[in-house]
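[1] Turn this into a structure:
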Amino acid sequence: CCCCCCCCRCCCRIPLLQLGWPDMRLPIMYTMSWPERISTSEVTWPRLDFSKASSLTFKQPDHAKYPSMKLAYSAGRAGGTMTGVLSAANEQAVQMFIDHQIGYLDIMKVNAACCEAHQAELIQAPNLEEIVHYDQWARRWVKEYVESGKYKPKVAMQAAAV
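    Numbering: from 1, shown residues only. The predicted model follows:
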């Protein structure tokens, strides 16, 4: 059994897949060793044997079950600073969820509102300074949006903070 860890489509429309064992060891190893790659042995990390994997099954994403995928695809299609804004907004919203300021299902709604607000300032080919600027902008925007009362969480979070 193997899973597709990453799939992207090149400008020539050819899909590129990164396949691996269905666990988080490889992504964690890449994260911990970046920018280097750690050599592994066959004993500690057996190679993925496609003849034993038998087959791969691809299904349409369940957007009802995972509604944030549409937002991520939309940010990817918009390009430029939008993907960084989505990432920064998500990090801020997740922290606000952890801090009991919003509910879990509010994370995506706050992220979508931030991306919508960023639409007017979208930069297609940003430089590093602009990327950092909009990362910080998105974090501030989410924090202010929730704390100002403009966004009303569906669940009263004060009771959950006990």
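[2] hey, let's count contacts and neighbours off CA atoms from now on
    Noted.
[3] For stretch 120-138, which outside residues touch it?
    Residues outside stretch 120-138 that contact it (CA atoms under 8 Å, 6 or more residues apart in numbering): 79-82, 84-89, 114.
[4] what's the span of that stretch, first residue to last?
    13 Å (CA to CA, to the nearest Å).
[5] pLDDT (mean, whole number) over stretch 120-135?
    The predicted model assigns stretch 120-135 a mean pLDDT of 97.
[6] I misspoke; the intended subject was stretch 138-151.
    Averaging pLDDT along stretch 138-151 gives 94.
[7] for the contacts of stretch 120-138, which one is nearest residue 54?
    Residue 54 lies nearest to residue 87 out of those, by CA to CA, at 35.4 Å.
[8] Do I have it right that residue 63 meets residue 72?
    No. With contacts counted by CA atoms under 8 Å, residue 63 stays clear of residue 72, the gap being 11.5 Å.
[9] circling back to that earlier point, which one (most neighbours) among the contacts of stretch 120-138?
    residue 89 (30 neighbours; other CA atoms under 10 Å).
[10] Return the distance of that one relative to residue 10.
    Per CA to CA, residue 89 is found 26 Å from residue 10.
[11] Next: residue 52.
    Counting by CA to CA - residue 52 and residue 10 are separated by 28 Å.
[12] How about residue 104?
    Per CA to CA, residue 104 is found 33 Å from residue 10.
[13] Mind checking which of those two has more residues around it?
    The neighbour comparison of residue 104 against residue 10 (other CA under 10 Å) goes to residue 104, with 17 against 9.
[14] So that one, which state does it fall into?
    Three-state assignment for residue 104 (DSSP: H, G, I helix; E, B strand; the rest coil): coil.
[15] wait, doesn't it sit right on residue 93?
    No. Contact criterion CA under 8 Å: residue 104 and residue 93 do not qualify, at 9.1 Å.
[16] what about residue 16, which helix or strand?
    strand 15-20 (DSSP states H and E).
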